[in-house]
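*Asks:* the following block contains a protein sequence and its predicted model.
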Amino acid sequence: MPVLTSSIRAVRAAGPLLSILTALFVFQSAAAASPDLSRRVRVPDFENAVTVVDSGHGWTYSFDYPAAVPGLEFIWYRAYSDMDERRVSFADEAGSVLPEGRLEQWESWIMEGGMSLLSSPDGMATAMCEYWVFTGGAHGMNNSILYRYSLSGGPGSQDWIEIDSRDLLADSAELVRFSAIVCDTLKVRLGPDPDREWILRGAGPYWENYSLLYPVPDSSGALAGFTVRFAEYAVGPFCFGQQEVFVPLALLRP
């Protein structure tokens, strides 16, 4: 049977010098356990920051969750469900691919990352899971999962609905304007001789290119604009990494 232990450690929060308790969940699989039981892990309550750790022959998994914000716990459980699904898939694939016996360090598989709650305009909530996966080869890959929610109903409502990029931009015509601004920005940023076809292919005016689009607030909590993230290889070679472009609302809707 798998062993699930927990310990408490102090970590320093970003910003003010505050200490928060992190519950560290360590999950170790017994080789003889059935696949279903060996991958099962207790769901944290997220009252404190949590790190979920798992490992097996030739692979390790680690993912950090901050303490949940009251009223937004549903985002944490959604993120946990998504990442746990990836953890199980990663572990199962490693078990079927990695050879038995001693492995070199470069042969070891790694999945690690964390969740963060992003600053959002009033009445919205945005969170992101970011994780890095290495399964051999020249380099690992960064991945992102975005969660966007908006309050529905009148003042004082606590009914959250999930939204997507089509709900953030006014219409397809605005997507075309947004894409043009993004492409122009990338052509300058990725110069001096950027691959314009590559940029257009990854950042052209197609909704699938803008799945990682999220709202950004100003200092008063009003909508200041939108940021879009592109995965590695989406708009250029791997050396450019993930790209993010912020488009101010004043530029998009003059």
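*Replies:* Everything's here; your move. Residues are numbered from 1 along each chain as shown.

*Asks:* list the contacts of stretch 226-235.
*Replies:* Here stretch 226-235 makes contact (CB atoms under 8 Å, 6 or more residues apart in numbering) with 141-144, 146, 168-169, 178, 182, 186, 190, 198-199, 202-203, 209-210, 212-216, 238, 240-247, 249, 252. Glycine gets a C-beta too; all of them are placed from N, C-alpha and C.

*Asks:* actually stretch 175-194, sorry about that
*Replies:* 169, 196, 199-200, 203-205, 207, 209-210, 226, 228, 235-236, 240, 243, 245, 247, 251-252.

*Asks:* how about low-confidence regions in the stretch 51-200 of the chain?
*Replies:* Low-confidence segments of the stretch 51-200 of the chain, defined by pLDDT under 70: 154-155.

*Asks:* do a quick rundown of the strands in it.
*Replies:* With DSSP state E, counting those that start in this stretch, the ranges of strands along the stretch 51-200 of the chain come out as 59-65, 109-118, 124-134, 141-152, 159-162.

*Asks:* output the third one as CSV, restricted to C-alpha atoms.
*Replies:* Listed in CSV are the C-alpha atoms of strand 124-134, where the atom choice follows Å, rounded to 0.1, in the frame of the first residue of the first chain:
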residue,chain,number,x,y,z
MET,A,124,-12.9,38.3,-11.7
ALA,A,125,-10.6,35.6,-10.5
THR,A,126,-7.7,34.1,-12.5
ALA,A,127,-5.3,31.3,-11.5
MET,A,128,-2.6,29.4,-13.3
CYS,A,129,-0.9,26.1,-12.9
GLU,A,130,2.7,26.1,-14.3
TYR,A,131,4.7,23.0,-14.5
TRP,A,132,7.9,21.7,-16.1
VAL,A,133,8.2,18.2,-17.5
PHE,A,134,11.5,16.4,-18.4
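
*Asks:* so what are the sheet partners of it and their directions?
*Replies:* According to DSSP bridges, strand 124-134 forms sheet pairs with strand 109-118 (antiparallel), strand 141-152 (antiparallel).

*Asks:* can I get the ones you listed in TSV with mean neighbour count and distance to A222?
*Replies:* What follows is these, written out as TSV (neighbours: other CB atoms under 10 Å; distance: least, CB to CB, whole Å):
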stretch	mean neighbour count	distance to A222
strand 109-118	19	16
strand 141-152	17	14
